[in-house]
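J.: Please work out how this folds:
(2 chains)
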Amino acid sequence: MGHKALLLTQSKETIGQMSCNPAIGGVGKGHLVKEIDALGGVMALAADHAGIHFKTLNASKGRAVQATRAQADRTLYKKAIQDHLNSLPRLSIVEGMAARLIVEANRVLGVETEEDQSFYAKHVILTVGTFLNGKIYIGNKRTKGGRVGDEPSIMLADQLREIAPRTGRLKTGTPPRLLKKSINFSVLEEQAGDNPRPIFSFLSSREDQPKQVSCFIAYTNKNTHSIIKKALSSSPLFTGAIEGVGPRYCPSIEDKVTKFIDKTRHQIFIEPEGLFSEEVYPNGISTSLSLKNQESFVRSIVGFENAVIAKPGYAIEYDYFDPRDLKSTLETSAVKGLFFAGQINGTTGYEEAAAQGILAGINAGLSIEEKEKWVPDRSEAYIGVLTNDLVTRGTNEPYRMFTSRAEHRLLLREDNADTRLTPKAKELSLIAEKRWKIFCEKQEIIRKEKTRLSKTTLSGGAVQRIDNKSKRERGEKTAYQLLKRPHVLYKNLLKEINPRSGYENETELLRETVDSIIEADAKYQGYMRRQHNEIEKQKAYKNTALPKDIDYQGLSGLSNEAKQKLIEFTPETIGQAARIQGITHASLSVLLVHLKKHKLKKAEGL
Amino acid sequence: MIAKKIIGPVPKPMRAKYSNFLSPDRSIIDSGIALYFKGPRSYTGENTLELTCHGGSAVVDQILQALIEYGARLAGPGEFTKRAFLNDKMDLTQAEAVVDLIESSSAATARAAKRSLDGVFSTKILNLSTLLSEIRVSVEASLDFPEEDIKETGQQDGLTFKMNETKDIFSTLLRQTRLACRVREGVVVVLTGKPNVGKSTLMNTLCGHERAIVSESPGTTRDTLDEDILVDGYKVRLIDTAGIREPENTIEKEGVNRAIKAAQNADIVINVVDGSTSQTTKKKNKTNDIVALNKNDLTENAPGRVENEANMFRLSALTGEGVDELLNHISNYFNQELLAEETLTARRRHLSALKEANKHFLEAEVKISAGRTTDLVAEDLLQAQNSLSEITGEFTSEDLLEKIFNEFCIGK
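T.: Just a heads-up that it's a prediction; the model follows:
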């Protein structure tokens, strides 16, 4: 967008450091990464430059849920991010510990550091990660830290609690890092990356990706479980020393073992930390047991008998602020110009944080330009689902993206993230010419081909050759109609009709991508059209504004719970109200009727 | 104003005035009482004129016709009550009794439906919803957590079992709900048959029977197309297709259209046949069709059910013999289904939501057997749940996630 920005961080060296597991993407998360890329963000590019193991998840379960995931070499990732940031002409990076926000008349003016420096800006975006009042737990030892080895932010935390009083504590954990050479890989299940290798960024090619390695899979066993059970008294999670709420879906091994007693084994996904790293990250055994106990249970695992713990696993507890106190752009309602993004809003995951970051950044920029804000709709992007969920429903556990959160999942595929968002990015001046050019070229090829397919009619014989399931059919069929059928493959279609013009000039990657999109679009067209119709129908009533002075208490048709929720959340539209947990269709109808009466009365001058 | 056109000078509010009701050509259609209510002190809160005239549909028709010509229009169903509600003359509770009050959302109907749900029905629906969400949990968990060791919990067979169970419950519940709706709204019984077999006579006899209660006093000349009667307490709408003729004006036209539509959706068809001739009886089209062998008084046969035929009756509309058995049969139609369970109270909205949900569910089933991709199956199941939630209340993605985490051990 061309605005000047300052990145204030405790340590330049740790920019781009992955705190938890060295992986980017996954189901839901991968979708976010693609969208960030479509908007000109850097995560996907970095993941491609650092990815040493790529997989496409859900490959056979349908395009809408297909997702990309990459294990990243930590060093390469960090380097990719830092190189990119250093290349931005209008970005300055300064080291310092943010201590206090400079706020006047409910407007943020800048930031003061512990080193007594002051920086002034029209907008401040806080992306404090897990550093606010961060406390680290290993067994019974408790230290203050934002990440192992990094100081927590305490002063800032105190001030923020004054500005945004609705706050809570969350927790997340990591497993112990193990020394690679101390593991017996020969007895473990190997998992190589996918071939053909998926690519994250719309701009990358496979040549950008470094050397690839395999991942391995191990399993806990009954011994492991009994050791853990015996050790529970030293686990702060169980003694209640940690008050923060953890995520339901990333429970520590302690949680897993106590909650799912019948399971005889739990899977461990051994992720490489890097091409030249001596450590591995055993995903699936997050823990905050004492070091000694960690050693015991780790060594009970087949393949880990001689494992050496390079860094112990730990739990971290941190402050977060109720995201319902934010506007849909992630600007705080209390202080103008101040944005919160990332774990501070109660999310977990690099991807979720990045999605918020880019959205906050975009809106800060739009605010400077005095243009209208922009927030993608739930039907436009997972970023929209994410922010909308946070801002209207809030969260009481570390929020992570899942595809089931998106009611318009069929519209939000990974492969159409650019179609959905890049034109907007262009409009808002978020992307470079190069990306736009590549995008347009791809779209043009696709458009031309779709037109050609719609105009190409096939003989009955050709139809039967292409669609081996078809019986004698009446009438002419176009190639596109045929392609819509679930079992018809585009490549078989091309055997009958010639490949598209210019095919020879396309790079292999482009060819592959275009083929894939044409196939997917044809198959999903019916569903997508239906979804769009639904959305249109709902738009009218969803955007109905709720007046600020509405007296919910006085609406007799509402249940007490509904009244309480509406007063607490203060939704701006019916659509927002609909997203609040506890607001049923019934409550909405009462609101709609009230609004109608209101309108009627106004119209009659009452 | 329209009022002036029909009755001349408008009387003072709340004072009954004996008036002549005038047609456009200034002739007197009828004379009766005119009562004027000035808003807001009226039923709807708006200015209202009530005309009380002499009985007889012809007179009422003419007055309506005149009013339409003066610029009025027929009110939509429930429209007076709707206005009363919007003008704060009654609250939602009171207005709830009126069908389709609030046009803007089926959500409103859900509220009413929810309110009127009684124990048995709501329990069944909730069970169905729970089963459906369990199926969704398996499907969604496999989508959002593909790398997890979920197969260990032996999902696949369980899923097929649950799908079949859900399918059965849907089908049973639909059948019961359809019946419950009919009980509430009245079963539509249509009399069909060639001319002169005695349909109209049978119609009159049924309406005049001591077990039937009608709105008009018995013996009134009947040229109506349909009649609502209560048979042993059950609402029955009798339609005589003999009455369907060329409409002469707008009022008649609406009536005829309604009758034709209702006949198309008949629950029971009574095919009236002249039993005194050797007419061959038509085969039943639907299980609920009844054949009435009329004019039994002209035969030697005993009246009543024909041996070995479940739905064939010998009767005489003229003398009344055998009509009791016919009424028994109609009455039993209700009893059979309902005896098995307690009375379900269900509204038509429940039925349509249930139908929608079932449609989506069956689509999911079809996709599964066709080997379609899981994301599409999940979509159909989501739509099914959404339809059900119009009855039970929202089941959100948060609820779904909660279930997933409770059931599966997931996590890195």
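
J.: can I see the domain layout of the chain?
T.: Reading this off chain A. A:177-317, A:443-535, A:543-603 (automatic domain parsing).

J.: Chain B is the one I meant
T.: B:2-72, B:114-182+B:346-407, B:185-340.

J.: Grab the longest helix from the chain for me.
T.: Just going to use chain A. Longest helix of chain A, by residue count under DSSP state H: helix A:508-542.

J.: Let me rephrase: I mean chain B.
T.: Max-length helix for chain B by DSSP H is helix B:155-185.

J.: can you tell if that helix touches chain A?
T.: No - counting by Cβ under 8 Å from any Cβ of the partner chain, chain A is not contacted by helix B:155-185; separation bottoms out at 13.9 Å. From N, CA and C alone the C-beta is placed, and that goes for glycine too.

J.: After that helix, which helix or strand is next?
T.: strand B:187-192 (DSSP states H and E).

J.: Okay, now the sheet partners of that following strand, with direction.
T.: Note on strand B:187-192: by DSSP bridges, its sheet partners are strand B:234-240 (parallel), strand B:268-274 (parallel).

J.: Including mean pLDDT, could the ones you listed go into a markdown table?
T.: Below are those laid out as a markdown table (pLDDT from 0 to 100):
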| stretch | mean pLDDT |
| --- | --- |
| strand B:234-240 | 78 |
| strand B:268-274 | 83 |
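
J.: and the helix or strand just after the longest helix of chain A, which residues are buried?
T.: On the C-terminal side of helix A:508-542, the closest following helix or strand by DSSP H and E is helix A:560-569. Under the neighbour-count criterion of 16 or more other Cβ atoms under 10 Å in any protein chain shown, helix A:560-569 has A:562-563, A:565-566, A:569 buried.

J.: Is whatever helix or strand comes next after helix A:560-569 positioned near chain B?
T.: Next helix or strand after helix A:560-569 toward the C-terminus (DSSP H and E): helix A:574-578. No - for helix A:574-578, no contact with chain B is found by Cβ under 8 Å from any Cβ; the gap never falls below 8.8 Å.

J.: What's the mean pLDDT across helix A:574-578?
T.: Helix A:574-578 shows a mean pLDDT of 81 in the predicted model.

J.: for stretch B:53-69, same thing?
T.: When pLDDT is averaged over stretch B:53-69, the result is 78.

J.: need the strands paired with strand B:187-192 in TSV with distance to A:D150 and mean neighbour count, can you?
T.: Converted to TSV, the strands paired with strand B:187-192 look like this (distance: least, Cβ to Cβ, whole Å; neighbours: other Cβ atoms under 10 Å in any protein chain shown):
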stretch	distance to A:D150	mean neighbour count
strand B:234-240	75	22
strand B:268-274	79	23
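
J.: Throw those strands into CSV and include distance to A:V593, thanks.
T.: Shown next, in CSV, are those (distance: least, Cβ to Cβ, whole Å):
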stretch, distance to A:V593
strand B:234-240, 30
strand B:268-274, 38
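
J.: just checking, A:L428 touches A:L359?
T.: No - counting by Cβ atoms under 8 Å, no contact exists between A:L428 and A:L359, whose distance comes to 11.5 Å.

J.: more crowded one of these two?
T.: A:L359 (27 against 18; other Cβ atoms under 10 Å in any protein chain shown).

J.: next one: phi and psi at that one?
T.: As for A:L359, its main-chain torsions (degrees, to the nearest 10) stand at phi -70, psi -40.

J.: Just list what the longest strand that chain B contains packs against, helices and strands only.
T.: Among the segments of chain B that qualify as a strand by DSSP state E, the longest is strand B:28-37. Helices and strands touching strand B:28-37, by 3 or more Cβ pairs under 8 Å, 6 or more residues apart in numbering or on different chains; DSSP states H and E, are strand B:17-22, strand B:48-52, helix B:57-69.

J.: which of the domains of chain B sits most buried?
T.: Mean neighbours per residue, mean count of other Cβ atoms under 10 Å in any protein chain shown, is largest over the domains of chain B for domain B:114-182+B:346-407, with a mean of 18.

J.: re earlier: same list, the buried residues of helix A:560-569, but as CSV with distance to A:E369 please.
T.: Converted to CSV, the buried residues of helix A:560-569 look like this (distance: Cβ to Cβ, whole Å):
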residue, distance to A:E369
A:A562, 39
A:K563, 40
A:K565, 36
A:L566, 34
A:F569, 30
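
J.: Present those as TSV; the columns should include pLDDT and distance to chain B.
T.: Shown next, in TSV, are the buried residues of helix A:560-569 (pLDDT from 0 to 100; distance: Cβ to the nearest Cβ, whole Å):
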residue	pLDDT	distance to chain B
A:A562	79	11
A:K563	84	15
A:K565	83	13
A:L566	87	15
A:F569	81	15
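
J.: The longest strand of chain B pairs with which strands?
T.: Partner strands and pairing direction for strand B:28-37 (DSSP bridges) are strand B:17-22 (antiparallel), strand B:48-52 (antiparallel).

J.: Is it possible to get a markdown table of the ones you listed that adds distance to A:R400?
T.: Output for the strands paired with strand B:28-37, formatted as a markdown table (distance: least, Cβ to Cβ, whole Å):
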| stretch | distance to A:R400 |
| --- | --- |
| strand B:17-22 | 72 |
| strand B:48-52 | 59 |
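
J.: if we can go back for a sec, highest mean neighbour count out of the domains of chain A?
T.: The most buried stretch of those, if neighbours are counted by mean count of other Cβ under 10 Å, is domain A:177-317, with a mean of 19.

J.: which one of the domains of chain B has the lowest average pLDDT?
T.: Looking at those, the weakest mean confidence is domain B:185-340, a mean of 72.

J.: Check whether the nearest residue to A:K135 once chain neighbours are set aside sits in a helix, strand or coil.
T.: With Cβ to Cβ, 6 or more residues apart in numbering or on different chains as the criterion, A:K135 has its nearest non-adjacent residue at 4.8 Å, and that residue is A:E317. For A:E317, the assignment made with DSSP: H, G, I helix; E, B strand; the rest coil gives strand.

J.: if I read this right, A:E317 contacts A:L170, doesn't it?
T.: Yes - the criterion here is Cβ under 8 Å, and A:E317 meets it with A:L170 at 7.2 Å.

J.: so what's in contact with those two at the same time?
T.: Residues touching both A:E317 and A:L170 by Cβ atoms under 8 Å, 6 or more residues apart in numbering or on different chains: A:G244.

J.: re the thing from before, contacts only, for the residue nearest to A:K135.
T.: A:134-135, A:137, A:169-171, A:242-244.

J.: Out of the residues you listed, the closest to chain B would be?
T.: A:K171 (13.4 Å; Cβ to the nearest Cβ).

J.: in which helix or strand would I find the closest one?
T.: strand A:167-174.

J.: Tell me the first helix or strand C-terminal of that strand.
T.: Following strand A:167-174 in sequence, per DSSP H and E, is strand A:177-179.

J.: Neighbouring strands - and their directions - for the helix or strand following that next one?
T.: Per DSSP H and E, strand A:177-179 leads on to strand A:189-191 as the next helix or strand towards the C-terminus. The strands beside strand A:189-191 in its sheet (DSSP bridges) come out as strand A:215-219 (antiparallel).

J.: contacts for the partner strand?
T.: A:53, A:71, A:185, A:188-191, A:265-272, A:282, A:301-304.

J.: likewise stretch A:82-99?
T.: In contact with stretch A:82-99 (Cβ under 8 Å, 6+ apart) are residues A:2-12, A:15-16, A:42, A:45-46, A:111-115, A:117, A:119, A:151, A:153, A:155-156.
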